[in-house]
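> Give me a 3D structure for the following:
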Amino acid sequence: MTELQSSTSPNRRFRRRVRQHLALAVGAGLVVLLGLAALPGDGRTRLSLSLAYAAFLALIATLSLGPLRRFQGRLNPPSFDLRRDLGLWSAILALAHTAVGLTVEQVVMMGRTVGSGPF
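Residues are numbered from 1 along each chain as shown. Predicted structure coming up:
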């Protein structure tokens with residue numbers, strides 16, 4: 001391998017990963033915006049549910065990449081960039097859903113008075 005090839009190969013891979021992350025961020029943002037527009041409830045509840053749906057869709061895509069590659073007859077390595085990036089976005093969205101969901105639950109719990117709940 002020449003010196004020129006070794007210096008451009010990591011650069012090409014970096015650009016491809018940046019494009020993947022941008023595409024995944026835009027896709028997650030669109031799912032969240034669609035959820036905010038279509039789901040019922042107040043703002044926090046809609047945000048929490050739309051983040052949950054986006055995280056779940058990213059998880060489904062992550063887990064389906066392996067079988068899709070096998071159906072195409074391609075090798076299925078233990079890890080490749082797209083699957084890893086989708087898994088990262090799924091985890092980030094799930095953590096965001098958890099953080100927003102805890103605030104929704106906190107508001108609901110603060111709104112209850114003694115004797116108004118089942119306990």
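> All the helices of the chain, residue numbers only.
Assigned helices in the chain, in chain order: 3-38, 43-71, 81-111 (criterion: DSSP state H).
> Let me know the angle separating the shortest one from helix 3-38.
Per axes from the mean of the first three to the mean of the last three Cα atoms, to 10 degrees, the angle that helix 43-71 makes with helix 3-38 is 130 degrees.
> list the buried ones in helix 43-71?
Within helix 43-71, the residues that qualify as buried are 44-55, 57-59, 61-62, 69, counting by 16 or more other Cβ atoms under 10 Å. Glycine gets a C-beta too; all of them are placed from N, C-alpha and C.
> average pLDDT for that helix?
The pLDDT scores in helix 43-71 average 92.
> Would you mind measuring from Arg46 to Leu33?
Using Cβ to Cβ, to the nearest Å, we find Arg46 at a distance of 11 Å from Leu33.
> go on, Gly27?
If you measure Gly27 against Leu33 using Cβ to Cβ, the figure is 11 Å.
> Neighbour count for the two, which is higher?
Legend: neighbour count by other Cβ atoms under 10 Å for Gly27 and Leu33, higher for Gly27 (16 against 12).
> and the more buried one, what pLDDT?
The predicted local distance difference test score for Gly27 is 93.
> what's the answer for Ala94, then?
At Ala94, the pLDDT value in this model is 96.
> Pretty sure it sits against Ala55.
Yes. Taking Cβ atoms under 8 Å as the definition, Ala94 is a contact partner of Ala55 at 4.2 Å.
> Let me see the contact set for the most centrally placed residue in the chain.
Closest residue to the average C-alpha location of the chain: Ser90 at 3.1 Å, with Cα atoms, centre = their mean. Ser90 sits next to 55, 58-59, 62 when contact means Cβ atoms under 8 Å, 6 or more residues apart in numbering.
> and with 10 Å instead?
For Ser90, the contacting residues are 24, 28, 54-63, by Cβ atoms under 10 Å, 6 or more residues apart in numbering.
> shouldn't Asp81 be in contact with Arg13?
Yes. Using Cβ atoms under 10 Å, Asp81 is in contact with Arg13, at 7.8 Å.
> Can you give me the distance of Asn76 to His21?
Taking Cβ to Cβ as the measure, Asn76 falls 22 Å from His21.
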